[in-house]
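>>> Predicted structure and sequence below. I'll ask about it afterward.
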Protein chains: 2
Amino acid sequence: MEFNDPKDKAFLTKQIQSKQSFLAIGLDSDITRIPKHILETKSNPISYFNKAIIDATHDLCISYKLNIAFYESQGVPGWQALEDTLKYIPNELFTIADAKRGDIGNTSKQYAETFFKTYPCDAITLAPYMGSDSIGPFLDYENKWSILLALTSNKGAFDFQLIKDEDGKELYKHILDTSSRWGSSDQLMYVVGATKPSYFKSIRDIIPDHFLLVPGIGAQGGSLEEVCQFGMNKDVGLIVNSSRGIIFASEDRDFDKAARKSALKIQQQMAKILESSGI
Amino acid sequence: MEFNDPKDKAFLTKQIQSKQSFLAIGLDSDITRIPKHILETKSNPISYFNKAIIDATHDLCISYKLNIAFYESQGVPGWQALEDTLKYIPNELFTIADAKRGDIGNTSKQYAETFFKTYPCDAITLAPYMGSDSIGPFLDYENKWSILLALTSNKGAFDFQLIKDEDGKELYKHILDTSSRWGSSDQLMYVVGATKPSYFKSIRDIIPDHFLLVPGIGAQGGSLEEVCQFGMNKDVGLIVNSSRGIIFASEDRDFDKAARKSALKIQQQMAKILESSGI
């Protein structure tokens, strides 16, 4: 497989088959949890930490999700770490800027430039509240993905996302229904929290063909088996993320080995699920 | 007035009375529109441009709103410009990070750190879709403001923000109603677009006491008079933003003079409105 293949759905499914994994590792590289020996000796601890995590895990996952908040909060060294990390991630891995951006058109255009050009990722997570013209500038990029929030993994998801309209249709279903017409399933994905497995069935009724980015297993308590039971489609259609449960499995000198062990455990579960699904 | 007064509602109203202005100037400092002579001669053109705009306009406005997308997209020099600009803005002006952030709790905590500590602003704009725990970490800061999207100024606002529930209540009203219980009107504001003046009345029925941040006059076409007619409350309760119409009034050597002229025109309209309202 060439590294400059477009990273479309077919590419993702091939990667999943070849690695027997649909794991994204979340690089939520919180500087207060990076092992002390790294903080004391490295000029850019986040860069060093991320590279060690990538060395230890890149054969077990198909994607790295970079939680931009943890870079941005560090100012310039944080952005340097983001740049270093993106350069270090092997080309065939799918990189996600978990940025939850979204604004009026001329501003979204700038955010698209940030995460598709200045810090070039394959995908970005987006907040849908401002509607079509807040997402359009991201969809204008070829071979890049927009990942819209649908049903998130946190408690606050219940505040607004499940509000029902006059016909009993929940807000998150409106988001899926309306936004899935803005682009193809080779450029749009949705965030659906693993903490809400019972919802996957009705989500698949609306968007049978889209990939879903699923946070919330591990630290947030979601079950991989349940997510797969209700959420998997013929292309697998799932990228399941774990962040803290992997990268901070140990906060000591063995952090990279512990991260590998934790990622391997999930990858082996995924391989079993893929095998029993005949994928 | 001391510069380290808490910037609460009373402070804002005093500033408005003293300057006879409730104008925020949006520093959407698009590098492709900065005058050529600055781009050719200055090491950080955005910093230089912003400082000149601030010199020319700071007596006419009460706030600068920094549209983070235009800094972020420039990478490290962009963040440097943000830092330079924040240091340069006189202390009594109200600084808004227009960032539209919002994520699960541990991540929102990082975003709060970014815009309340690393790049210390008085306020940040936030997307409400993920609910209470995505906003909480911002509200934990004393004397800082969270400005939630309610009804935005763009076309896409109609995609989801006006969806009606079983009782005919629109989504943006749910946002106002629910979120206004998360904090006080000395720490929460709402974004309401000037392009939708007829909605201000029903918004004031739900949140009579909150300040509203109003984008959309100028380049986006909203009317200041209509906004004030329906949106003003006893504390004024409005911060009206203009960005491109002021900072890019001219894209030549007279850009700062043209910006002042454009800001002055709005300030004079505001003074008239304040006078006729007896404020």
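The structure has been received and is ready for your questions.

>>> how about the strands of the stretch 101-250 of chain A, start to end?
A:123-126, A:145-151, A:188-192, A:212-214, A:238-242 (DSSP state E, counting those that start in this stretch).

>>> Show me what the fourth one is in contact with.
Spelled out, it's strand A:212-214. Residues from elsewhere that reach strand A:212-214 (CB atoms under 8 Å, 6 or more residues apart in numbering or on different chains): A:24, A:65, A:96, A:125, A:147, A:189-194, A:200, A:203, A:222, A:227, A:231, A:237-241. All C-beta spots, glycine's among them, are computed from the backbone N, C-alpha and C.

>>> Let me see the mean pLDDT of that strand.
Averaged across strand A:212-214, the pLDDT comes to 98.

>>> Would you mind listing the residues in contact with residue A:251?
Here residue A:251 is in contact with A:33-35 (criterion: CB under 8 Å, 6+ apart).

>>> excluding its backbone neighbours, what's nearest the residue in the stretch 1-150 of chain A that chain B sits nearest to?
With CB to the nearest CB as the measure, residue A:131 is the residue of the stretch 1-150 of chain A nearest to chain B, at 2.3 Å. Nearest residue to residue A:131 in three dimensions, chain neighbours excluded: residue B:156, at 2.3 Å (CB to CB, 6 or more residues apart in numbering or on different chains).

>>> And that neighbour, what's its pLDDT?
For residue B:156, pLDDT reads 97.

>>> Repeat that for residue A:2.
52.

>>> now do residue A:110
98.

>>> Now do it: how many residues are near it, please.
24 (other CB atoms under 10 Å in any protein chain shown).

>>> Tell me the buried residues within the contacts of residue A:251.
A:34-35 (16 or more other CB atoms under 10 Å in any protein chain shown).

>>> Hmm, residue A:126 and the residue nearest to residue A:131 touching each other?
No - between residue B:156 and residue A:126 there is no contact under CB atoms under 8 Å: 11.8 Å.

>>> which SSE is the residue nearest to the spatial centre of chain A in?
Among the residues of chain A, the one closest to the centroid is residue A:65, at 4.8 Å (CA atoms, centre = their mean). Secondary-structure element containing residue A:65, defined by DSSP states H and E: strand A:63-67.

>>> How about the contacts made by the closest residue in space to residue A:140 that isn't next to it in sequence?
In space, and not counting its chain neighbours, residue A:140 is closest to residue A:112: 7.3 Å by CB to CB, 6+ apart. Shown in contact with residue A:112 (CB under 8 Å, 6+ apart): A:124, A:137-138, A:140-141.

>>> among the residues you listed, who's most crowded?
residue A:138 (27 neighbours).

>>> Cross-check the contact I'm expecting between that residue and residue A:132.
No - at 11.3 Å, residue A:138 does not count as touching residue A:132 under the criterion of CB under 8 Å.

>>> could I get stretch A:138-154 in CSV with only the CA atoms?
Extracted in CSV, the C-alpha atoms of stretch A:138-154 (Å, rounded to 0.1, in the frame of the first residue of the first chain):
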residue,chain,number,x,y,z
PHE,A,138,-13.6,21.8,6.1
LEU,A,139,-15.5,19.7,3.5
ASP,A,140,-13.9,21.8,0.7
TYR,A,141,-10.6,19.9,1.3
GLU,A,142,-10.1,16.8,-0.7
ASN,A,143,-9.1,13.6,1.1
LYS,A,144,-9.7,15.2,4.5
TRP,A,145,-12.4,14.2,7.0
SER,A,146,-14.8,16.2,9.1
ILE,A,147,-15.9,14.3,12.3
LEU,A,148,-19.1,15.9,13.7
LEU,A,149,-20.3,15.6,17.3
ALA,A,150,-23.5,13.6,17.4
LEU,A,151,-24.0,11.9,20.8
THR,A,152,-21.0,12.5,23.1
SER,A,153,-19.7,10.3,25.9
ASN,A,154,-20.1,12.8,28.8
